[in-house]
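*Asks:* have a look at this fold, sequence not included:
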DNA sequence: GATTCCATGTAACACGTTACATGATTCA
DNA sequence: TGAATCATGTAACGTGTTACATGGAATC
């Protein structure tokens, strides 16, 4: 049995302040970034099916100076199904697909400096990520009372931060190992 | 530009002791488990194209008492291309897709106990994973000299262990947060 | 007697990205 | 003038899983 999480991700997002496909994409890129990604190529078709399944409604709005837009709102049925999905508890541990690890796994066929270089680059990229997360964290904390969801946002962010820190630590340890030999 | 990592994953695996599609699948499930997964549905077709592109050769072996098998060996050209891929250094940070985080993100629509329950289950699953990783780690360490790749296996394993530990810590912290309110 | 291990393969499907098309407004 | 922001959408493609088909030998 496979439930399409993306559908519920979008359904959930229209219960926040996101109303248009464009806004949904923005929020995902900013706040769900460390555990969920999605492209327009999936957002728009999914919104369409959401309406077809009567989980959401659309309102077409003509704007002056800006492109027309479609605003989506969740329906009763949508609320119900969202809750059902939320409370259903099959935990599936995700598996990442990490190209760097793959390359390290076969590092026997590669000069040590090459491997070290890549790990260092990886560390830099992770460092940047971490910085962004911490920025967002501060931002949410500074007006915590504003949004009813902010508590949960902080929880998921914490996950991203902890894992990124662990990965950075690993980078340092690995560079040490690879250098000292 | 997109390079198909899976192709190189398999190419790399036949430089270890894996010779058949079946063995490749086994090694992936055991040793690459925490950063790479793959199904037979992709392994066999990929092996085929590897031979077509002359990166590998096949030998068909009829076995008594066991099914026939096809043994793959890397060619000169294969070695070359594997090395090229290894040394090419575009680091792409992977993004995991985590359903639990998604559900937590929308936890406002869910009773606290429901969320706590899921985080606890997640912790248990992670704990199990960690135990397996540590077992494999011990196993590799105990006959480290045997395989020339074992050094690198330990490095990638360390990555899995660190990240899993970080995730477990997060579980505990999150349960505390969700309980105390 | 049932399950697991060995071993290979394909077809249908699910999911997701990339690239393209369109176009006005605002800001540097 | 060029880029970014707002805003929607589709078609082609890539990648991967699931389910199925086959079947002997060994183990419980």
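*Replies:* Nice, thanks for sending it over. Since this is a predicted model, take the numbers as computed values, not measurements.
*Asks:* give the bridge partners for residue A:73, please.
*Replies:* Residue A:73 forms beta bridges with residue A:57, as assigned by DSSP bridges.
*Asks:* residue A:51 is in contact with that one, correct?
*Replies:* No: when contacts are counted by C-beta atoms under 8 Å, residue A:73 is not listed as touching residue A:51 (10.1 Å). (Glycine included, C-beta is placed from N, CA and C.)
*Asks:* show me where chain A has strands.
*Replies:* Taking DSSP state E to define them, one finds strands in chain A at A:56-61, A:69-74.
*Asks:* of these, flag the one that's most buried.
*Replies:* Across those, the average number of neighbours (mean count of other C-beta atoms under 10 Å in any protein chain shown) peaks for strand A:69-74, which reaches a mean of 16.
*Asks:* is DNA strand D within reach of it?
*Replies:* Yes: using C-beta under 7 Å from any atom of the strand, strand A:69-74 reaches DNA strand D at A:69, A:70.
*Asks:* so which of the strands of chain A comes closest to residue A:26?
*Replies:* In terms of C-beta to C-beta, the element of the strands of chain A nearest to residue A:26 is strand A:69-74, at 13.1 Å.
*Asks:* and for the closest residue to DNA strand C within chain A, the neighbour number?
*Replies:* Residue nearest to DNA strand C within chain A: residue A:41 (2.5 Å; C-beta to the nearest atom of the strand). Residues within reach of residue A:41, counting by other C-beta atoms under 10 Å in any protein chain shown, total 8.
*Asks:* would you mind listing what in chain A touches DNA strand D?
*Replies:* Contact residues, chain A versus DNA strand D (C-beta under 7 Å from any atom of the strand): A:20-23, A:26, A:40-41, A:44-45, A:47-48, A:63, A:66-70, A:97.
*Asks:* same thing but at 6 Å, please
*Replies:* Residues of chain A that fall close to DNA strand D, judged by C-beta under 6 Å from any atom of the strand: A:20, A:21, A:22, A:40, A:41, A:44, A:45, A:63, A:66, A:67, A:69, A:70.
*Asks:* list phi and psi for the first one.
*Replies:* Here the main-chain torsion angles of residue A:20 (degrees, to the nearest 10) amount to phi -110, psi 160.
*Asks:* I'd like to know how far the nearest residue to it once chain neighbours are set aside sits from chain B.
*Replies:* With C-beta to C-beta, 6 or more residues apart in numbering or on different chains as the criterion, residue A:20 has its nearest non-adjacent residue at 5.0 Å, and that residue is residue A:69. Here the criterion is C-beta to the nearest C-beta, to the nearest Å. By it, residue A:69 lies 23 Å from chain B.
*Asks:* got a quick ChimeraX command for the buried subset of the residues of chain A next to DNA strand D?
*Replies:* Selection of buried members from the residues of chain A next to DNA strand D for ChimeraX, criterion 16 or more other C-beta atoms under 10 Å in any protein chain shown:
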select /A:20,21,70
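*Asks:* quick revisit: okay, the strands of chain A in JSON lines with distance to residue B:6 and mean pLDDT next?
*Replies:* Output for the strands of chain A, formatted as JSON lines (distance: least, C-beta to C-beta, whole Å; pLDDT from 0 to 100):
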{"stretch": "strand A:56-61", "distance to residue B:6": "36", "mean pLDDT": "94"}
{"stretch": "strand A:69-74", "distance to residue B:6": "37", "mean pLDDT": "96"}
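*Asks:* a markdown table please, covering the ones you listed and showing distance to residue A:10.
*Replies:* A markdown table is the format used below for the strands of chain A (distance: least, C-beta to C-beta, whole Å):
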| stretch | distance to residue A:10 |
| --- | --- |
| strand A:56-61 | 9 |
| strand A:69-74 | 9 |
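*Asks:* how about a markdown table for the ones you listed, with distance to DNA strand C added?
*Replies:* As requested, the strands of chain A are exported to a markdown table (distance: least, C-beta to the nearest atom of the strand, whole Å):
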| stretch | distance to DNA strand C |
| --- | --- |
| strand A:56-61 | 14 |
| strand A:69-74 | 10 |
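*Asks:* what about residue A:48, neighbour count?
*Replies:* The burial count for residue A:48: 14, using other C-beta under 10 Å.
*Asks:* same deal with residue A:164?
*Replies:* So residue A:164, with other C-beta under 10 Å, has 23 neighbours.
*Asks:* not counting sequence-adjacent ones, nearest residue to it?
*Replies:* residue A:130 (4.7 Å).
*Asks:* who touches the one you found in this structure?
*Replies:* Counting by C-beta atoms under 8 Å, 6 or more residues apart in numbering or on different chains, residue A:130 touches A:161, A:164, A:165, A:168.
*Asks:* which of those lies closest to residue A:121?
*Replies:* Distances from residue A:121 to the contacts of residue A:130, taken by C-beta to C-beta, are shortest for residue A:168, at 12.6 Å.
*Asks:* and the closest one, how close does it get to DNA strand D?
*Replies:* Here residue A:168 is placed at a distance of 26 Å from DNA strand D (C-beta to the nearest atom of the strand, to the nearest Å).
*Asks:* so what pLDDT did the closest residue in space to that residue that isn't next to it in sequence get?
*Replies:* Excluding its sequence neighbours, the residue lying closest to residue A:168 (C-beta to C-beta, 6+ apart) is residue A:126, at 5.0 Å. Per-residue confidence (pLDDT) for residue A:126: 94.
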